[in-house]
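Visitor: need a 3D model of the sequence below.
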Amino acid sequence: MTDEWRGWREAAEAALYGDEGFYRSPLRGPEGPAGHFRTSVHASPLFAAAVARLLTGIARELDTRTITLVDVGAGRGELLTGVLAALPDGLEVTPYAVEVADRPPGLDPRIRWCAEPPAGITGLLFANEWLDNVPAEVAEVDAAGVPRYVQVRTSDGTERLGAPVAGADAAWLERWWPLSAPGERAEIGRPRDAAWARAAGCVEAGLAVAVDYTHVRDARPPFGTLTGFRGGREVRPVPDGSRDLTAHVALDACAAAVAEAGTGASAELTDQRTVLHRLGVGGDRPPLSLAATDPAGYVTALAAAGEAAELTARGGLGDFGWLLHRVGLPAAPP
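Guide: Numbering: from 1, shown residues only. Have a look, this model is predicted:
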């Protein structure tokens, strides 16, 4: 890492995915990114069980007992491990973990470790909190009302304004995140759109799902969302390789990118609370009468209800966006 001034996309690419970057360096510890931030996968095994039910439903729709599951941004394989443990008997699943880091020791040998999603997927491609780590340029409006690229110094995260935003980036801002007032900021989501269109395009029949922090065009945050995480705490976004760098995702723009790629996939953009409720994850407390007849069962059910409530909570994990593309399947019921 140097003190060179760079655009945020280049700086974050090196800080996250370079040889000594956050997602590659062994200095992060054996637990990997999970030691620095917590996702729905880490919050409760109910999340993996819900994904297992989603996969089972796709297999039923495709009338097959052999299906593929691809986890993009797989971390240390936690989601795949949980899904495999929750699958019903008789369903043969080929699991792929797509990740830039090396395969962790002790991972289930059934899991295939790779750098890119395989082509021709029949089944489910699932990307949980992946797109927020796809680096993007940051723009800020100067005192004259001109959106300019934000440059950053690697060593300490100091910023300055660079050249005016131009070309395809300017067109993206105009379409998806218009800026006007001095000081307003945006993350230019073109790299996320392209990454998601490529990933979703790998699905030949089944479902492609992106789950992430999100916002939509009519409710963009005025000053952007770029931030950092280290040791379980939110910190300043400094691109020095010591921390996660993340920004919320314009999933509406990602949905349009898939449509414009001509895959024929239908799209639904909703929230985690809605989807998990569909998949049987609810936060209802067990009846108190169970405590008298089955105290151990009551404690177990109460704990599960608490975990389900966290996964679906308004103002928390329940507000995560879910973008679902159905490929070669009937339209989803209303």
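Visitor: mind listing the strands for the stretch 1-150 of the chain?
Guide: Along the stretch 1-150 of the chain, counting by DSSP state E, counting those that start in this stretch, strands occupy 5-7, 66-72, 92-98, 112-114, 121-128, 137-141, 147-153.
Visitor: so what sits opposite Val211 in the bridge?
Guide: With DSSP bridges as the criterion, the beta-bridge partners of Val211 are Asn128, Trp322.
Visitor: wait, doesn't it sit right on Asp132?
Guide: No: here Val211 does not reach Asp132: they are 10.0 Å apart, not a contact under C-beta atoms under 8 Å. Any C-beta I mention is one placed from the backbone N, CA and C, and that applies to glycine too.
Visitor: these two: who's more crowded?
Guide: Neighbours of Val211 and Asp132, each counted by other C-beta atoms under 10 Å, are more numerous for Val211; the result is 28 against 23.
Visitor: tell me the pLDDT of the more buried one.
Guide: Residue-level confidence at Val211 comes out at 98, pLDDT.
Visitor: OK, contacts around it?
Guide: Shown here is Val211, whose contacts under the criterion C-beta atoms under 8 Å, 6 or more residues apart in numbering are 40, 126-129, 272, 320-323.
Visitor: what's near enough to touch Leu324?
Guide: With contact set as C-beta under 8 Å, 6+ apart, Leu324 has these partners: 207-209, 267-270, 275, 332.
Visitor: show me these that map onto strands.
Guide: Using DSSP state E, 207-209, 267-270 are the members of the contacts of Leu324 that sit in strands.
Visitor: and Ala50, how many neighbours does it have?
Guide: For Ala50, the tally of surrounding residues (other C-beta under 10 Å) stands at 25.
Visitor: for Gly57, same thing?
Guide: Per other C-beta under 10 Å, the neighbour tally for Gly57 reads 14.
Visitor: and it, how close does it get to Glu268?
Guide: Using C-beta to C-beta, to the nearest Å, we find Gly57 at a distance of 14 Å from Glu268.
Visitor: now swap in Ala308 and tell me
Guide: Distance from Ala308 to Glu268, counting by C-beta to C-beta: 22 Å.
Visitor: which of those two has more neighbours?
Guide: Taking neighbours as other C-beta under 10 Å, Ala308 and Glu268 compare with Ala308 leading, 21 against 15.
Visitor: got a list of what the more buried one touches?
Guide: Under the criterion of C-beta under 8 Å, 6+ apart, the contact list for Ala308 reads 44, 46, 276, 281-283.
Visitor: need phi/psi at it.
Guide: The main-chain torsion angles of Ala308 are listed as degrees, to the nearest 10 and equal phi -60, psi -40.
Visitor: and for Ala256?
Guide: In this entry, Ala256 is assigned phi and psi values of phi -70, psi -40 (degrees, to the nearest 10).
Visitor: mind listing what's buried in stretch 93-102?
Guide: Applying a neighbour-count criterion of 16 or more other C-beta atoms under 10 Å, one finds 93-99, 101 buried in stretch 93-102.
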